[in-house]
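Q: mind folding the following:
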Amino acid sequence: MNALHHLWEQLLQDELERCQTTKKNDRWRPKLHIAPPFGWLNDPNGLCQHQGTYHAFYQFSPFQAKGGLKFWGHCTSQDLLHWKFEGAPLTADQPEDCHGVYSGSALIEDGEMYLYYTGNVKEMGDHDFVNTGRRSYTMLAVSRDGRTIESKEALMDHKDYPSDLTRHVRDPKVWKREDTYYMVQGARTKEDKGIVLLFSSGDKRHWEYRKRFETKEAFGYMWECPDIYELDGRTVLSISPQGVETEGLKYANLYQSVTCFLDGDFRAEAAMGEFRELDGGFDFYAPQTFLGDDGRRIQIAWMGLPDVEEFYTNRTVEDGWQHMMTIPRELSVKNGVLCQNPVKELAEWWNCSKPLQGSFDENVESCCELELHTEGGNLEVVLADGLRLRYNKEEKIFWMEFTDSLLGSGRRVRGREIEELKEMRILIDVSSVEVFINEGTDVFTTRFYPKTALCRVRINGEGCHGTYYFHSNEQ
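A: Numbering: from 1, shown residues only. A predicted model of the protein is given here:
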């Protein structure tokens, strides 16, 4: 790598040493979720399992907790729960990525990691940076371990994309099927319509445009972070559209993350089914998946959203870092619905449990899980005296509502229609809450900021029973 990369490496090392020697306040740092050691985190990138080790890269602005120049941060894990920070192997050190190493994916083949990403370049002058002033390069970096980058090269630029597109083309996801490599990228047309582009290649470097996925009427002006994968005999298209209008309880966030099933071969005339939101909460965006060595389709998303600062914030900025990832989730299809549940390793991690019966009002550990079962009646769970999770069987809506503005840091209320509430898993990890309803058919994710290390939980429900799980180092 060049001298600029080595300079970034040294600055990162200096910042890491500073944080380790300073008595830094980590009151809201999660125990089981990926979070940056300092600075800003957003989209997950390059998710993979390589030689038995899980690798997760992410958008990383190390020197500013409110965001800035993007690199790829890197962490590894043996169990999908405990992650080790490995530095920032991909930095802005080439003419084609000098203004940011943007999102992408990993392809594992022949003992090497092929890391595809978008190199961002902004030109000087008066531009809108949509139709002019921006250059987006599809880049490839090669590594054997994810820590050291052996080479970087630009594979495509604007002239290689369809002529009706703006300069917003990004986020390559690459996979291999049979003897051909495929890539999807998100794009925005000059008519402000979000689409997904499909490319193919025989050698991982020379790519041919094949087709586009789009709706008849515009569904947002930009489709980010696309993903296509096979799951339980179905083909899934996942996108993060921007510019979708709110419809009642649907699409309540500024930006969304949705999936649909593709009917037919994705390489030919595959019809797109109806979109469904992946998460009904406040903090979920840019999900990406990978296939584990054991055949599980695992998804990780950014537990955050872009451009929401005027609506709600994250109090970890006070401590020099911002944002985290969701717990890795196993995906499945049940009764025609894509379901998400925490990876099985989570259940294996808890070594202590306590039965829950009827009403409950106690302090729980800052990292724990509550598993609740109902008889289809009303249920209310209050966390930290200010986050209400409630369901009314007549209304048939599940609500996630903050009654304490400081706890939610500006977050207020989200809801989703649910025909019947049968069971619910609530994962609390210091400053995050993930709620999995009816075996993961519906999910709600949010950040929150309790005043104390222990979290008070109050439960009231008709015929409600369950289990409280946590991990004790004394076991």
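Q: ok, which stretches of this protein are helices?
A: Under the criterion DSSP state H, helices of the chain are mapped to 3-21, 344-349, 405-408.
Q: nearest to Gln78, of those helices?
A: Closest to Gln78 of these, according to CB to CB: helix 344-349, at 9.6 Å. (Glycine included, C-beta is placed from N, CA and C.)
Q: how about the closest one: buried residues?
A: 345-346, 349 (16 or more other CB atoms under 10 Å).
Q: likewise stretch 140-154?
A: Buried, per 16+ other CB under 10 Å, within stretch 140-154: 140-141, 143, 145-146, 149, 152.
Q: ok, stretch 410-427 next?
A: Per 16+ other CB under 10 Å, stretch 410-427 contains these buried residues: 411, 414-416, 418, 421, 424-427.
Q: now do that stretch, average pLDDT.
A: Stretch 410-427 shows a mean pLDDT of 97.
Q: and for stretch 216-224?
A: 97.
Q: now the end-to-end length of that stretch.
A: Using CA to CA, to the nearest Å, one end of stretch 216-224 lies 18 Å from the other.
Q: please identify the buried residues of that stretch?
A: 218-224.
Q: stretch 404-411 now?
A: Buried residues in stretch 404-411 (16+ other CB under 10 Å): 404, 407-409, 411.
Q: what about that stretch, how long is it end to end?
A: First-to-last residue span, stretch 404-411, CA to CA: 9 Å.
Q: likewise for stretch 115-135?
A: 19 Å.
Q: roughly how far is it from the heart of the chain?
A: 24 Å (CA atoms, centre = their mean, to the nearest Å).
Q: pull out the buried residues from it.
A: 115-121, 134.
Q: domain ranges for this structure?
A: The record's domain split for the chain, according to automatic domain parsing, is 3-15+33-341, 350-470.
Q: and those domains: which comes nearest Asn25?
A: When the domains of the chain are compared by CB to CB, domain 3-15+33-341 sits nearest Asn25, at 4.9 Å.
Q: quick one: end-to-end distance for that closest one.
A: 44 Å.
Q: could you report the neighbour count for Glu191?
A: 9 (other CB atoms under 10 Å).
Q: what's it in contact with, if anything?
A: Counting by CB atoms under 8 Å, 6 or more residues apart in numbering, Glu191 makes contact with 164, 218.
Q: kindly report the same for Ala286.
A: By CB under 8 Å, 6+ apart, the neighbours of Ala286 are 42-44, 103, 224-225, 240, 257, 301-302.
Q: and the residues you listed as CSV, adding distance to Asp293?
A: Shown next, in CSV, are the contacts of Ala286 (distance: CB to CB, whole Å):
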residue, distance to Asp293
Asn42, 27
Asp43, 24
Pro44, 19
Ser103, 24
Glu224, 28
Cys225, 24
Ser240, 27
Ser257, 26
Ala301, 21
Trp302, 24
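Q: pick the one among those closest to Val364.
A: Ala301 (24.9 Å).
Q: what's around that closest one, how many residues?
A: 27.
Q: same check on Glu214?
A: By other CB under 10 Å, neighbour count at Glu214 equals 17.
Q: what residues does stretch 232-243 touch?
A: 186, 192, 194, 196, 213, 218-230, 255-262, 266, 270, 272, 278, 285-287, 289, 332-333, 338.
Q: before we move on, back to that, quick check, nearest of the buried residues of stretch 404-411 to Gly248?
A: Nearest to Gly248 among the buried residues of stretch 404-411, with distances taken as CB to CB, is Arg411, at 19.0 Å.
Q: next up, the contacts around the closest one.
A: Arg411 sits next to 282, 312, 402, 446-448 when contact means CB under 8 Å, 6+ apart.
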